[in-house]
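> structure, please.
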Amino acid sequence: MKPLRLVRREYDDDGSYIPSPEFYKSKPMELPEDMAERQVEEARAFLAQIRAGHHLRFPWPDVDRLIGPMLPGWFVAVGGRAKAGKTTFLRDCLTAWTEQGKTVVYVGTETEVAALRLSWAASRCGLSFADVLDGNNPEADRQLLADLGRQKGQAYRAIFGEIGEGTVDDLGYWVEYARIGHADALIFDHLHMLDVGPGEEWRGLGRAVKAIKTMARDGKLLVVAGAQLTQGEGGSVLGEHEVPGNGSWAGSSGIQRLVDAGIQLWKPFHKGVTPQQKREARDEPGKIADIVQRNVMAVRVAAHRWRQGAMNQFAKLYVEQDQVHSWTSR
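Alright, predicted model coming up:
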């Protein structure tokens, strides 16, 4: 299968797209009544698609309540501070959706495919990947091999790919693969490992986000991508535990602006932590654990094109043994 080739486009200094005159000449012209009729039929088909359940939801009621259904063609960003659990979150989405009978393509950038699949098996068995790597554990090996056997029997449900520090074209290959294979979603972990070419990183990343959104829409494929958040508070040792804001997407504001929905993850402080306690922890990093909520993943809705009321709403998730659980069911 050949990689998807993206059309080269021109951009002005602020990164916005400048269409050429040929672009307009190549667009077919429709009579107003024909255009209206086509658009009405497309809207009816879109409504039928929604009512038929052709969408996915985050598997935790606390988050699903805020985001709602995610439709084919959407681009959803899952931003996370350092060690906030982005990969664990995305991997658990893969588990839940494949158990619902959905087909998902999972593309990684930091781990080879064999390790991705083994890590997924460990998670499904309630093991951490560190447990897998540590020494000889016959019982753990038995569980892992049994799960890998189940994965082989359901291979069409979860396909793993890896592009390293690849380009948008490399990711486009997997988007096209998912489209041709009638996958329900593609999970990409994560955006900031993409090679966005020479020049300023923020501009290249903004173009990459635009290209991925176009691929998702044209392929009628839900794309969920992990993204990096800035450390916060000037990069201090406590910054990763501060509440992220709309400007916290690392590298490019295009992520915030272009996604259909975006959430941000971080490990929060205990409620009521004082500035004095933060200063003491900054001077003595060993005290950080005393003021941070253990095993808690905080979630903030940073963007939602279709649910403005969801903006800046928060939820909590509980993390245990490399698995994410609903806060209300912990």
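
> quick one: low-confidence parts of the stretch 1-150 of the chain?
1-28, 135 (pLDDT under 70).

> count the residues that sit near residue 276.
8 (other CB atoms under 10 Å). In short, each C-beta sits where N, CA and C put it, glycine included.

> that one: what secondary structure?
helix (DSSP: H, G, I helix; E, B strand; the rest coil).

> need the helices for the stretch 201-330 of the chain, in chain order.
Counting by DSSP state H, counting those that start in this stretch, the stretch 201-330 of the chain has helices at residues 201-219, 254-258, 275-283, 288-291.

> now the first one: buried residues?
Residues 202-216, 219 are the ones in helix 201-219 that count as buried (16 or more other CB atoms under 10 Å).

> same question for the shortest one.
Along helix 288-291, these residues count as buried under the neighbour rule (16+ other CB under 10 Å): 288, 291.

> surely residue 262 and residue 303 touch.
Yes: using CB atoms under 8 Å, residue 262 makes contact with residue 303 at a distance of 3.6 Å.

> joint contacts of those two?
77, 256 (CB atoms under 8 Å, 6 or more residues apart in numbering).

> who has more neighbours, those two?
residue 262 (25 against 22).

> for the residue positioned nearest the centre of the chain, give its distance to residue 107.
For the chain, residue 225 is the residue whose C-alpha lies nearest the centre (CA atoms, centre = their mean; 2.7 Å). Shown here: residue 225 relative to residue 107, a distance of 9 Å by CB to CB, to the nearest Å.

> overlap of the contact sets of these two?
In contact with both residue 225 and residue 107: 187, 188, 189, using CB under 8 Å, 6+ apart.

> turn the helices of the stretch 201-330 of the chain into JSON lines, including distance to residue 130.
As requested, the helices of the stretch 201-330 of the chain are exported to JSON lines (distance: least, CB to CB, whole Å):
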{"stretch": "helix 201-219", "distance to residue 130": "31"}
{"stretch": "helix 254-258", "distance to residue 130": "30"}
{"stretch": "helix 275-283", "distance to residue 130": "26"}
{"stretch": "helix 288-291", "distance to residue 130": "18"}
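
> ok, which of those helices comes nearest residue 83?
helix 288-291 (12.0 Å; CB to CB).

> mean confidence for that closest one?
Average pLDDT, helix 288-291: 90.

> can you pull out the strands in the stretch 51-200 of the chain?
75-80, 104-108, 158-162, 185-189 (DSSP state E, counting those that start in this stretch).

> the helices of the stretch 201-330 of the chain: which one's closest to residue 55?
helix 201-219 (13.5 Å).

> and the residue lying closest to residue 243 once chain neighbours are set aside, how many neighbours?
Among residues not flanking residue 243 along the chain, residue 300 sits closest, at 6.8 Å (CB to CB, 6 or more residues apart in numbering). By other CB under 10 Å, 22 other residues sit near residue 300.

> same check, this time on residue 254
Residue 254, neighbours per other CB under 10 Å, totals 19.

> can you tell me how far it is from residue 218?
18 Å.

> in this protein, where's the longest strand?
The residue-count maximum for a strand in the chain (DSSP state E) belongs to strand 296-304.

> that strand - what's its average pLDDT?
93.

> quick one: closest of the helices of the stretch 201-330 of the chain to residue 32.
Of all the helices of the stretch 201-330 of the chain, helix 201-219 comes closest under CB to CB, at 24.3 Å.

> circling back to that earlier point, show me what the residue nearest to residue 243 is bridged to.
Beta-bridge partners of residue 300, counted by DSSP bridges, are residue 264, residue 314.

> looks like it contacts residue 264 (just checking).
Yes: the criterion here is CB under 8 Å, and residue 300 meets it with residue 264 at 4.7 Å.

> shared neighbours of these two, anything?
residue 244.

> and stretch 115-128, what's buried?
115, 116, 117, 118, 119, 120, 121, 122, 123, 124, 125, 127.

> send me it as CSV with only the CA atoms.
Extracted in CSV, the C-alpha atoms of stretch 115-128 (Å, rounded to 0.1, in the frame of the first residue of the first chain):
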residue,chain,number,x,y,z
ALA,A,115,6.2,-3.8,22.7
LEU,A,116,2.9,-1.9,22.1
ARG,A,117,1.0,-5.2,21.8
LEU,A,118,2.7,-6.7,24.8
SER,A,119,2.1,-3.6,26.9
TRP,A,120,-1.6,-3.8,25.9
ALA,A,121,-1.7,-7.5,26.9
ALA,A,122,-0.2,-6.6,30.2
SER,A,123,-2.8,-3.9,30.8
ARG,A,124,-5.7,-6.3,29.9
CYS,A,125,-4.3,-8.8,32.4
GLY,A,126,-4.0,-6.2,35.2
LEU,A,127,-0.2,-6.1,35.1
SER,A,128,2.1,-3.1,34.7
